[in-house]
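# the sequence and its predicted three-dimensional model are supplied below.
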Amino acid sequence: MTTIHPARTNGFAVHAPGCGDLVGEHPIRTEAEVRAAVERARVAAAWWSRLSYAERGERLDRFRGVLARRAAQLAGVIHDETGKPHSDAMLEIALTLDHLAWAARNAPKVLGRRRAKVGLLMANQAATVEYQPLGVVGVIGPWNYPVFTPLGSIAYALAAGNAVVFKPSELTPGTGAWLVEAFGQVVGEHPVLQLVTGDGSTGAALCGAGVDKIAFTGSTATAKKVMAACAPTLTPLVAECGGKDALLVDADADLDAAADATAWAGMANAGQSCIGTERVYVHERVYESFLAKLVAIAGKARAGSDPEAQLGPITLPAQVGIIRRHIDTAVAAGGRVVLGGSDGIADNVVQPTILVDVPEDAPAVTEETFGPTLTVTKVRDMDEAVALANATGYGLGAAVFGGRGQHLAERLRCGMVALNAVFSYPRIPALPFGGVGDSGFGRIHGPEGLREFAYAQSVTRQRFAAPLALTTFARTPKTDALVAKVMTLLHGRH
Ligand code: NDP
């Protein structure tokens, strides 16, 4: 929970979502302060980009070591600011370390100079392509995974040779400050990774502060504002936005495994995951059996603010109203609550909720709920499941249980699909992460995630004079005739 500090207009206080304790106070950085940070970053970027991949990699590895050794402390900060269970915070940090390792190790291979084929007519040339760092990258992060999500951009941007100015969510500035301080311990020479805390206005200032790219993760609505703020300076943007991910259960699925995974994908982190499952489409032959298993498993998970609770409270207080509205409008439209429901909401704690028979045009099916709720819908066959899964404007991730998963995945309009598992793709650093449609564009993670923070520079070197001199005013009619002949030979038969 965040409040603008009563005594100052240029600061804000953060309170723990569970107990309401004050857990930090942070400045709201002004436009001038954000610009100054970007200017400092530009100097830092010049130094950082001149280091070799090995030198940068060695520093990123040491940063990883600090994160690993002080993980429990960092998890405490995450828990204080988001309310998520300490063990979930530890898991988030563990997954992040794999990405740091991968980005540092693979940057030279993905971005380093490589030869390009030149073709017959250009045989006198030697061509190469290399990816150069962009310069200064502005990273705007959300609060739901305040380490894993921003570092999905930061680690790759740094490994590619950029300096980063990081604006964390106003709900999790302490986590952002912890990360930047830890990085500063390892890289003390220049401010290669800086923090600018504040609210939306600070994020907007970062978009217009002369950075070379914005890596935004957050809601689709904010992404549109960010894109508009980037437009006047033609600042490029990678946008990782919300989702309404579907999980498909085919008639031949292992129902125990599917139900267990669905409960977790829908309820873990109190449903506050961009790739959390929100809709489930189940083949009619196994619908009743699957639903019974799912309700039994999800019914055992309890939300609360106490250390034993498996689900924490809802981090953003305003989200509780959205979750309640989605449940209530679904019920008003003919849906049924088979677990939890509005009655299970107490302050900012929402118990696992499962809804059935919800019309496909209800907000619980069309809009991102961002709470521990699932709609479970019976389908005739998997064609119907695919059609319904594809029917929202979002296209982030999906999951399929059953033997025909690969075939079905190819028909799903989304950036990532997990087969017979959930949340598996973000744990594989080599896989690009991102969505289509309202879920955004561009990719973090994997080779694409490194190239997202670099530009391709092509260089071609003439090794000897061309037998056919084409780019000269001394070109002869004989050469022109030869070019016409070669053109016909090479392309004319198609
Ligand atoms: P928001 O869109 O509310 O905020 C995201 C970030 O943008 C915050 O740092 C916020 O600052 C900042 N911001 C707000 N207004 C502006 C503005 N006008 N210009 C620039 N920056 C601004 O998202 P949440 O923090 O609530 O995060 C939840 C959303 O993030 C969900 O939709 C979720 O699906 C999505 N998400 C997507 C992921 C993905 O990889 N696709 C991963 C994780 C989450 P402040 O908080 O200070 O207002």
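It's in. Numbering: from 1, shown residues only.

# gap between the helix or strand hosting Val139 and the chain center?
Following DSSP states H and E, the helix or strand that holds Val139 is strand 136-140. Mean-position distance between strand 136-140 and its chain equals 14 Å (CA atoms, centre = their mean, to the nearest Å).

# elements contacting it?
Under the contact definition 3 or more CB pairs under 8 Å, 6 or more residues apart in numbering; DSSP states H and E, strand 136-140 sits against helix 31-50, helix 148-159, strand 163-167, helix 200-207, strand 213-217. Bear in mind the C-beta positions are built from the backbone N, C-alpha and C, glycine included.

# try 6 Å this time
If you count contacts as 3 or more CB pairs under 6 Å, 6 or more residues apart in numbering; DSSP states H and E, strand 136-140 packs onto helix 31-50, helix 148-159, strand 163-167, strand 213-217.

# mind putting those in CSV, mean pLDDT included?
Shown next, in CSV, are these (pLDDT from 0 to 100):
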stretch, mean pLDDT
helix 31-50, 98
helix 148-159, 98
strand 163-167, 98
strand 213-217, 98
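
# adding distance to the ligand and mean neighbour count, write these out as a markdown table.
Supplementary listing: these in a markdown table, determined by distance: least, CB to the nearest ligand atom, whole Å; neighbours: other CB atoms under 10 Å:
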| stretch | distance to the ligand | mean neighbour count |
| --- | --- | --- |
| helix 31-50 | 11 | 18 |
| helix 148-159 | 5 | 28 |
| strand 163-167 | 6 | 28 |
| strand 213-217 | 5 | 27 |
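
# show me what from this protein comes close to the ligand.
With CB under 6 Å from any ligand atom as the criterion, the chain meets the ligand at residues 140-145, 149, 167, 169-171, 199-200, 203-204, 207, 217-219, 222, 225-226, 229, 240-243, 274, 316, 368, 370, 396.

# can you say which of those are buried?
Buried members of those, scored by 16 or more other CB atoms under 10 Å, are 140-145, 149, 167, 169-171, 199, 203-204, 207, 217-219, 222, 225-226, 229, 240-243, 274, 316, 368, 370, 396.

# Arg62 touches Val186, doesn't it?
Yes - contact criterion CB atoms under 6 Å: Arg62 and Val186 qualify, at 4.6 Å.

# between those two, which has more neighbouring residues?
When Arg62 and Val186 are compared for neighbours, Val186 comes out ahead with 17 against 14, by other CB atoms under 10 Å.

# so what's that one up against?
With contact set as CB atoms under 6 Å, 6 or more residues apart in numbering, Val186 has these partners: 59, 62-63.

# so it versus Pro232, what's the distance?
36 Å (CB to CB, to the nearest Å).

# can you read off the pLDDT for the residue nearest to Ile28 when sequence neighbours are not counted?
Leaving aside its sequence neighbours, Ile28 sits nearest to Gly198 (CB to CB, 6 or more residues apart in numbering; 4.1 Å). We have a pLDDT of 97 for Gly198.

# can you tell me how far Gly198 sits from Val320?
From Gly198 to Val320 the distance is 24 Å (CB to CB).

# the two: which has the busier surroundings?
Gly198 (24 against 18).

# picking that back up, quick one, which of the helices and strands packed on strand 136-140 gets closest to Tyr287.
Taking CB to CB, helix 148-159 is the member of the helices and strands packed on strand 136-140 nearest to Tyr287, at 33.8 Å.

# between that closest one and strand 213-217, how big is the angle?
Put simply, helix 148-159 runs at 160 degrees to strand 213-217, going by axes from the mean of the first three to the mean of the last three CA atoms, to 10 degrees.

# for helix 148-159, packing partners?
By 3+ CB pairs under 6 Å, 6+ apart, helix 148-159 packs against helix 86-111, strand 136-140.

# starting at the chain centroid, how far to the first one?
What it means is helix 86-111. Using CA atoms, centre = their mean, the offset of helix 86-111 from its chain centre is 13 Å.

# so for that helix, what's the average pLDDT?
For helix 86-111, the per-residue pLDDT averages 97.

# quick one: buried residues of it?
Buried, per 16+ other CB under 10 Å, within helix 86-111: 88-93, 95-97, 99-104, 106-107, 110-111.

# in a strand, Arg115, correct?
Yes - under DSSP: H, G, I helix; E, B strand; the rest coil, Arg115 falls within a strand.

# now do it against Arg461, distance only.
11 Å.

# got it, and Leu482?
If you go by CB to CB, the gap between Leu482 and Arg461 works out to 24 Å.

# Leu195 now?
In terms of CB to CB, Leu195 sits 43 Å off from Arg461.

# now the residue positioned nearest the centre of the chain. Nearest residue, chain neighbours left out?
Closest residue to the average C-alpha location of the chain: Glu240 at 4.9 Å, with CA atoms, centre = their mean. Nearest residue to Glu240, sequence neighbours excluded (CB to CB, 6+ apart): Thr217, at 4.2 Å.

# is it true that that neighbour touches Pro142?
Yes - judged on CB under 6 Å, Thr217 makes contact with Pro142 at a distance of 5.3 Å.

# would you list the phi and psi of the residue in the stretch 251-400 of the chain that the ligand sits nearest to?
The nearest approach of the stretch 251-400 of the chain to the ligand comes at Cys274, 3.1 Å away (CB to the nearest ligand atom). Note on Cys274: its backbone torsions stand at phi -60, psi -40 [degrees, to the nearest 10].
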